[in-house]
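**Q** turn this into a model:
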Amino acid sequence: MEAHAAAPPPCFEITLENLFEFPQGRRVLSCIQCGMCAGACPYGDVMDYPPRRIIAMLRAGLLEKVFQSDGLLACVACYACMAKCPRDIRLTEVLLPLVKEQVFLNLPETPAELHRALENTLRYGNPAGESSRKRAAWVKTAGVPIRILPEDPRPTDVLWFVECQNSYHPRGQDVSRATARIFHALGLDFAILGSEEKCAGECARLLGETGLFDTLMDYNMAVFAKYRFNRIVTSGAHAYDAFVYQYPERGFRYPVEQTTPYLARHLERLRPLLTRKLPYAVTYHDSCCLGRHNGFYEEPRALLRAVPGVRLLEMAHNRINAICCGGGGGGMWLDTYYKAKGADRVIELRGLGTGLGVRAAAEVFSAALSSIPGVLPAEIDPHRGASHRGSGRVAGAAGGPPAGLALLGHRHRSGRTERSHGGGGEGVPRRLPG
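**A** Numbering: from 1, shown residues only. A predicted model of the protein is given here:
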C-alpha cells in the first residue's frame, strides 16, 4: 500500500538562502496571509511568530527577528498548518524546519532535556540513551519466534523496523509484542534488525537538526544494503514519513508501509481469527503523521470495528481536526523546559464514556486473537497506562508513540482558561492549575 499523499521532492538541498530556487520555496510567496495556519496551530496563540507571521517577516527581510525568539520551539510538527493552508504551502515539510534550525542556533542554551535526547540519539542511536544491545530485549517475552537478522541473515519478505519508542519504552514494548503476535498469526515471513537498528531520525530533522538526520539516514541505508528483503514495515509513524519523503534522496527504493495500514490491508485474513469478544468502548486518536500528513483515517477505524464487541466512538476532534499529542517535532523532549516557564501539556478530556485507559490498536487486536495457539493477550500494567479491567479504551496507531496517546492537548501557560470536552458538556471552560 502506498502513501495516500504524493511525496514531494526531497528537501535536503533546500536552505533559507536558496529557498526560492525551488518550487516548494516559491510557493511560500503565494501566501495570502489568511491566518488559517495560525488558527489551526495548537500553539498559535502562544507563539511570537506563528507560520503566517514567519512568512510576513520573510517577505519583509526581517527573518533575523524570528531567529531571536524561542517561540518556534512550541512547534510540534503536527501538520495542521499545512493541512489547512489554501495555497498548499509545504510549511511543516520545508519552511518550518529551516527556520527552527536557525532558532536553535541562536538560543543562548539548548534546553537540557532536548540536548540530552539529541546527544543520545547521535551516540546510541536512540533518544533514551539505551544500549543498542538492549534494543531487541523485548523479543524474549514476545511469546512467538522473532528472527533477528544479524543473528540469522537469511532473506526475508518483511523487514520490520520497530523504532526507538517501541523498542525501549515499557508500554511501547507491549505494542511490539502485540504486533509480533499478529504478524505470527498472519504467517508472515518477517525479521527485525535488533542491535543494528537506529532511529530513523525524522524528529531530529523536524527540529532542524539536519546533520544528525543525515548521519542516521546514511547509517540506516548502509544497514539496509546488508540484507535481502522485499519491503519495510515500520511501527513508527515518523519513521514511515522519513522513509517515504526523505530517504529516497539517498537511493531508498523499498516499498514501505506503516503497521496500521499494513494490517488493514490484511484485514480479511485477520477477520476469521478475531474470535474473542472484547466489550470495550473505544475512541481512536488520529496520528498527525498517519492522518493529516498521509490521509490514513479509515484504516485504523476499520481494524477496530473488526474486533468483536468493540464499540467505536469518535473524539470531538478527529481526522484532519485531531489534536496533536504535543510530542512531535521534539515536543516530547521539551516538557521540562516549558514546565519551568509555567506551562504544561493539557489533556483533552473526553466525554465519551470510554474511561481513561490507554491501549494501542495492536494490543486490542492481540487480545482478540488470544484464542489462537501461541497468541496470548497482552496484560498491561495499569500504572503504565492501561489494563484489561474496565470498559474504556483509547486506541492509537498500532505502533504510534504510546506516550502520545494519553496527552492529547496543547502546552499552555498556567492560569489560562481553556476549553475542554469533558463529562460536563462540550466546550466547558477549565482553568489550568497555576
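
**Q** any stretches of this structure with poor pLDDT?
**A** Under the criterion pLDDT under 70, the flagged ranges of the chain are 1-12, 343-434.

**Q** domains of it?
**A** According to automatic domain parsing, the chain comprises the domains 19-106, 115-413.

**Q** just how off-centre is the last one within its chain?
**A** In this case it means domain 115-413. Going by C-alpha atoms, centre = their mean, to the nearest Å, the spacing between the C-alpha centre of domain 115-413 and its chain's C-alpha centre is 8 Å.

**Q** the lengthiest helix in the chain - contacts with which helices or strands?
**A** Taking DSSP state H as the criterion, the chain has its longest helix at helix 170-186. Using 3 or more C-beta pairs under 8 Å, 6 or more residues apart in numbering; DSSP states H and E as the contact definition, the elements that helix 170-186 packs against are strand 156-161, helix 165-168, helix 267-270, strand 358-360, helix 361-368. All C-beta atoms are positioned from the backbone trio N, CA, C, and that covers glycine.

**Q** let me have the domains of the chain in CSV, extended by distance to E13 and mean neighbour count.
**A** Written out in CSV, the entries for those read as follows (distance: least, C-beta to C-beta, whole Å; neighbours: other C-beta atoms under 10 Å):
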stretch, distance to E13, mean neighbour count
domain 19-106, 8, 19
domain 115-413, 8, 20
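
**Q** would you agree A40 is in contact with L91?
**A** No - A40 is not in contact with L91 according to C-beta atoms under 8 Å; the separation is 10.2 Å.

**Q** doesn't A191 belong to a helix?
**A** No - assessed by DSSP: H, G, I helix; E, B strand; the rest coil, A191 does not belong to a helix; its assignment is strand.

**Q** contacting residues for it?
**A** Remark: with contacts taken as C-beta atoms under 8 Å, 6 or more residues apart in numbering, A191 is in contact with I146, R147, I148, L149, D152, T156, V158, L159, W160, F229.

**Q** tell me how far E93 lies from V244.
**A** In this view, E93 and V244 are 11 Å apart by C-beta to C-beta, to the nearest Å.

**Q** now swap in S235 and tell me
**A** Using C-beta to C-beta, we find S235 at a distance of 15 Å from V244.

**Q** what segments of the stretch 1-150 of the chain are helices?
**A** Using DSSP state H, counting those that start in this stretch, the helices assigned to the stretch 1-150 of the chain run over residues 23-26, 36-40, 51-59, 63-67, 80-84, 96-106, 112-124.

**Q** what helices and strands are in contact with the last one?
**A** Just to be clear, that refers to helix 112-124. Taking 3+ C-beta pairs under 8 Å, 6+ apart as the contact cut, helix 112-124 packs with helix 210-224, helix 335-340.

**Q** turn the ones you listed into CSV, columns for distance to H169.
**A** Compiled in CSV, the helices and strands packed on helix 112-124 are given as follows (distance: least, C-beta to C-beta, whole Å):
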stretch, distance to H169
helix 210-224, 19
helix 335-340, 15
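
**Q** identify whichever of these lies nearest to I14.
**A** If you check each of the helices and strands packed on helix 112-124 against I14 by C-beta to C-beta, helix 210-224 wins as the nearest, at 10.1 Å.

**Q** what is that closest one packed up against?
**A** helix 112-124, helix 202-206.

**Q** in CSV: those helices, plus distance to A316.
**A** Below are those laid out as CSV (distance: least, C-beta to C-beta, whole Å):
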stretch, distance to A316
helix 112-124, 31
helix 202-206, 27
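
**Q** with respect to E268, which of these lies nearest?
**A** Comparing these by C-beta to C-beta, helix 202-206 comes nearest, at 31.3 Å.

**Q** can I get that closest one as CSV, trimmed to CA atoms?
**A** These are the backbone C-alpha positions of helix 202-206, laid out as CSV (Å, rounded to 0.1, in the frame of the first residue of the first chain):
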residue,chain,number,x,y,z
GLU,A,202,12.7,12.2,11.4
CYS,A,203,12.0,14.0,14.7
ALA,A,204,15.6,15.4,14.7
ARG,A,205,15.0,16.7,11.1
LEU,A,206,11.8,18.4,12.1
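
**Q** next one: stretch 57-75 to chain centre, how far?
**A** Its chain's C-alpha centre and that of stretch 57-75 lie 26 Å apart, by C-alpha atoms, centre = their mean.

**Q** so what touches that stretch?
**A** Outside stretch 57-75, the residues within contact range by C-beta under 8 Å, 6+ apart are 16, 28-29, 41, 43, 46-49, 53-54, 96, 99-100, 102-103, 105-107, 111, 329-331, 334, 337-338, 411.

**Q** for V233, give me phi and psi.
**A** phi -120, psi 120 (degrees, to the nearest 10).

**Q** right, and A281 touches L304 too?
**A** No - at 10.9 Å, A281 does not count as touching L304 under the criterion of C-beta under 8 Å.

**Q** any common contacting residues for those two?
**A** With C-beta under 8 Å, 6+ apart as the test, A281 and L304 both reach V310.

**Q** on that earlier part again, a markdown table please, covering the helices of the stretch 1-150 of the chain and showing distance to W138.
**A** Formatted as a markdown table, these follow (distance: least, C-beta to C-beta, whole Å):
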| stretch | distance to W138 |
| --- | --- |
| helix 23-26 | 39 |
| helix 36-40 | 37 |
| helix 51-59 | 39 |
| helix 63-67 | 42 |
| helix 80-84 | 33 |
| helix 96-106 | 32 |
| helix 112-124 | 17 |
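
**Q** nearest to R135 among those helices would be which one?
**A** helix 112-124 (9.6 Å).
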